[in-house]
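J.: the following block contains a protein sequence and its predicted model.
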Amino acid sequence: MQFAIDADGKRVQPTSGARALCEICGGTMIAACGEVYIDHWRHDGFNPHCDTWYESETWWHRQWKEHFPKEWREVVIEKWGQKHRADVQVPSGLVIEFQNSAISQSIIRTREHFYGEMIWVINAKDIDSHFKLRSIVNRDVRDIQLSHDFAIKKISEELKKKVAEIEASVINARRAYEQEERKLVSRKKDAEYLTEKIRKASEDVRDFLSHWKSDKYYFDLFSKSYTKISKHKEHYISLIKAHLQLQNDIAQANERLGSIEAHEAISIEGKKMRIVPYGAITKENFDRARAIVKETYRTFFPEVKTFKSFDEVLVYKHRQDKYVFVIDPERTIILITQKLAEGRDKLGKLAAEIAETELLIESDYRESLGDELLSVQGDIAYSEVALEDLAGDVAIAEYDTPNLIAEQQKIAAQLIKKEERVFANKRFGAMREGKGLYTFDWKYERKSWQAAEATLYFDVGKDFLWERVRDGLFRKLPINEFVSTHLGPL
């Protein structure tokens, strides 16, 4: 063990010749210091009734613990009449257990049940070669490349088909016909685009609402439809901001409740009070505060001092090391709870108003797109009549063949360019989303870890850990990122 309790009740580390008390059983501890073993505390004599989960600590354990503050290490947790020493417990309550040796499924289940929220870091240096890994990125990029090659081949084949059709046509009379035909094609594309836009109106609305929320510029090809709904932008953004502000207020109130609960509780004068530092007592709360003589606060008859004025509080400034200070938080908790209830009620109303506004925006957007579609359909009907008049001149249009071929080649080039962009985006997305993810096979798998419900991290002796995301899937996580995640803001 790295820590024991001295005569003043403080956690201390071993020094040569020192003695202290065990945090769990209260037995005498002797400091074991030397050149062979790491410095540690051991019981003065064998004590099988102390922490039955205790295992000898290795350099691997100690090096991992050193990543975290001393007060987080070897935290004694008491539940259901049992006391056990967690390797590390962060302020949120999460327990981190560093496991060097193999353990049974029953032990894994027992510890997870006792600790509740926890994770495992397993020493896997000796079994690193047992993992057969395959990159998710390589697999996905290979599939994307095959799909891309197929799309390019299909574009090329379609171009050949178009050229063959043009060359087979009577070109001389096609100049006027093609001019109108291009208009028709363009208008049909517009109609198809608008039809698709109407079908995907909900998705489009979500898209530009997302841009509104992030205050980014949004461009829409059919700007009339977008302009019509832009009148809702200012009101919608104000609702979103109000919603976010309420969420932040609720989160802050919850944090305040959490900070109160984080202080150790003690029953004084029939009330559940919280132990606080001397500096937490102010002119506003001194009447709810008490000072307890430190030597008596854990006895059956603690010596409690009340404050009739804040001046009496100031008297204890230079004697605070002899007292434990507590405050009754009931009034504060009631006020915070009321604020939370009011906030949640407002949040629900705001959410309903946001939903109604979004429905109104989508309705206006669909209506505008429908008007535009009707206009384009009228243009299409006009073009179709014009093309009928020009159909008789097709026989003399043969000389225009090269121009038509060039047009089709341009379209194919645009499609290829577009496909290249799509390919690049998909490839980048696959590399981003699959970064650090590997499928794996575990040769000679330690079956006991199949019982673990908590997240497993495997230390293979490198500058990263393998995080088991699920069966057959690892995520590569740098050790410094793992540590910083659980350290949080100190």
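T.: Nice, thanks for sending it over. Numbers count the residues shown, from 1 in each chain.
J.: sketch out the low-pLDDT regions of the stretch 251-400 of the chain for me.
T.: By pLDDT under 70, the low-scoring segments of the stretch 251-400 of the chain are 394-399.
J.: for it, what spans make up the helices?
T.: Assigned by DSSP state H, counting those that start in this stretch, the helices in the stretch 251-400 of the chain fall at 310-315, 330-390.
J.: after the last one comes which helix or strand?
T.: What that stands for is helix 330-390. Next helix or strand after helix 330-390 toward the C-terminus (DSSP states H and E): helix 401-433.
J.: who are the packing partners of that following helix?
T.: Packing partners of helix 401-433 (3 or more C-beta pairs under 8 Å, 6 or more residues apart in numbering; DSSP states H and E): helix 136-168, helix 174-199. For the C-beta atoms, the positions are set from N, CA and C on the backbone; glycine is no exception.
J.: reformat those helices as CSV; add mean pLDDT.
T.: Shown next, in CSV, are the helices and strands packed on helix 401-433 (pLDDT from 0 to 100):
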stretch, mean pLDDT
helix 136-168, 86
helix 174-199, 86
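J.: need those helices in TSV with distance to Pro91 and mean neighbour count, can you?
T.: Below are the helices and strands packed on helix 401-433 laid out as TSV (distance: least, C-beta to C-beta, whole Å; neighbours: other C-beta atoms under 10 Å):
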stretch	distance to Pro91	mean neighbour count
helix 136-168	34	14
helix 174-199	51	16
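J.: circling back to that earlier point, mean neighbour count added to the helices of the stretch 251-400 of the chain, as a markdown table?
T.: Below are the helices of the stretch 251-400 of the chain laid out as a markdown table (neighbours: other C-beta atoms under 10 Å):
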| stretch | mean neighbour count |
| --- | --- |
| helix 310-315 | 14 |
| helix 330-390 | 15 |
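J.: make CSV from the ones you listed and add distance to Val36 to it.
T.: Converted to CSV, the helices of the stretch 251-400 of the chain look like this (distance: least, C-beta to C-beta, whole Å):
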stretch, distance to Val36
helix 310-315, 53
helix 330-390, 53
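J.: to Lys231, which of the ones you listed lies closest?
T.: Of all those, it is helix 330-390 that lies closest to Lys231, at 8.4 Å by C-beta to C-beta.
J.: show the backbone phi and psi for Gly17.
T.: phi 80, psi 0 (degrees, to the nearest 10).
J.: same thing with Asp463?
T.: phi -90, psi 20.
J.: surely it meets Leu477?
T.: No. Contact between Asp463 and Leu477 fails when scored by C-beta atoms under 8 Å: they sit 10.4 Å apart.
J.: and the pLDDT for the residue nearest the centre of the chain?
T.: Nearest to the centroid of the C-alpha atoms of the chain, with distances taken as C-alpha atoms, centre = their mean, sits Thr485, at 11.2 Å. Reading off the confidence values, Thr485 has pLDDT 88.
J.: over to the one 3 residues further on?
T.: Per-residue confidence for Gly488 comes out at a pLDDT of 69.
J.: more neighbours: Asp463 and Leu477, which one.
T.: The neighbour count for Asp463 versus Leu477, taken as other C-beta atoms under 10 Å, is higher for Leu477 (15 against 7).
J.: identify the residues contacting that one.
T.: By C-beta atoms under 8 Å, 6 or more residues apart in numbering, the residues touching Leu477 are Gly436, Tyr457, Phe464, Leu465, Trp466, Glu467.
J.: in a helix, that's where it is, yeah?
T.: No. Using DSSP: H, G, I helix; E, B strand; the rest coil, the assignment for Leu477 is strand, not a helix.
J.: and it, bridged to which residues?
T.: Beta bridges link Leu477 to Leu465, judged by DSSP bridges.
J.: returning to that earlier point: so where does the residue nearest to the centre of the chain fall, helix or strand?
T.: Here Thr485, judged by DSSP H and E, is contained in helix 479-487.
J.: which other helices and strands does that helix contact?
T.: Packed next to helix 479-487, using 3+ C-beta pairs under 8 Å, 6+ apart, are strand 464-470.
J.: what pLDDT, on average, does the strand it packs on get?
T.: Average pLDDT, strand 464-470: 85.
J.: stretch 110-121 now?
T.: Mean predicted confidence for stretch 110-121 is 94.
J.: what's next to that stretch, contact-wise?
T.: Residues outside stretch 110-121 that contact it (C-beta under 8 Å, 6+ apart) are 53, 64, 77, 79-80, 82, 84, 86, 92-99, 449, 452-457, 459, 465.
J.: that one: end-to-end distance?
T.: 17 Å (C-alpha to C-alpha, to the nearest Å).
J.: from the chain's centroid, how far away is that stretch?
T.: Mean-position distance between stretch 110-121 and its chain equals 21 Å (C-alpha atoms, centre = their mean, to the nearest Å).
J.: cool, and stretch 189-199?
T.: Relative to its chain's centre, stretch 189-199 lies at 37 Å (C-alpha atoms, centre = their mean).
J.: give me the contacts around it.
T.: So stretch 189-199 is contacted by Asp204, Leu221, Phe222, Ser225, Arg366, Leu369, Gly370, Glu372, Leu373, Val376, Gln377, Ile380 (C-beta under 8 Å, 6+ apart).
J.: sorry, back to before: now the helices and strands packed on helix 401-433 in JSON lines, with distance to Phe68?
T.: Compiled in JSON lines, the helices and strands packed on helix 401-433 are given as follows (distance: least, C-beta to C-beta, whole Å):
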{"stretch": "helix 136-168", "distance to Phe68": "31"}
{"stretch": "helix 174-199", "distance to Phe68": "54"}
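J.: who wins for proximity to His263 among the ones you listed?
T.: For His263, the closest of the helices and strands packed on helix 401-433 is helix 136-168, at 45.2 Å, according to C-beta to C-beta.
J.: the closest one to helix 174-199, inter-axis angle?
T.: 150 degrees (axes from the mean of the first three to the mean of the last three C-alpha atoms, to 10 degrees).
J.: for helix 136-168, packing partners?
T.: Helices and strands touching helix 136-168, as assessed by 3+ C-beta pairs under 8 Å, 6+ apart, comprise helix 401-433, strand 437-442.
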